[in-house]
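*Asks:* Build me a structure from this.
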Amino acid sequence: MFELSPREQTVLALMAQGFSNKGISQKLCVQLATVRTHIIHIYQKLGLINEAKSAVRVKAVLMYLNELNKGN
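*Replies:* Reported below is the predicted structural model:
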């Protein structure tokens, strides 16, 4: 999916489930800074790095959900 690493896919899936960055870090038992780094890489790989900050997370989640629907 979008050339995301397995960990990036997990982070994006948790984002799609509504987890905050802090919630993701707690769920995965990693530092908050690590989650932020994964999210930056996700945005870069999805071509969303230059989007308005408020819309980036939503667009990433929508792209993820769209990709999931293609598989069904």
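
*Asks:* C-alpha only now, for contacts and for neighbours.
*Replies:* Fine.

*Asks:* Quick one: the helices in this structure, in order.
*Replies:* If DSSP state H is used as the criterion, the helices of the chain fall at 6-16, 21-28, 32-45, 53-70.

*Asks:* Mind exporting the C-alpha coordinates of the first one to CSV?
*Replies:* Once side chains and other backbone atoms are set aside, the C-alpha atoms of helix 6-16 remain, and they are given as CSV (Å, rounded to 0.1, in the frame of the first residue of the first chain):
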residue,chain,number,x,y,z
PRO,A,6,4.5,-2.3,7.8
ARG,A,7,4.9,0.1,10.8
GLU,A,8,3.7,3.1,8.8
GLN,A,9,0.7,1.0,7.7
THR,A,10,-0.1,0.2,11.3
VAL,A,11,0.2,3.9,12.3
LEU,A,12,-2.0,4.9,9.4
ALA,A,13,-4.6,2.3,10.4
LEU,A,14,-4.6,3.6,14.0
MET,A,15,-5.0,7.1,12.6
ALA,A,16,-8.0,5.9,10.6
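
*Asks:* Now do the buried residues in that helix.
*Replies:* Within helix 6-16, the residues scored as buried using 16 or more other C-alpha atoms under 10 Å are 8, 9, 11, 12, 13, 14, 15, 16.

*Asks:* which among those residues gets closest to residue 32?
*Replies:* Closest approach to residue 32 among those (C-alpha to C-alpha): residue 11, at 11.8 Å.

*Asks:* Thanks again, I'm all set now.
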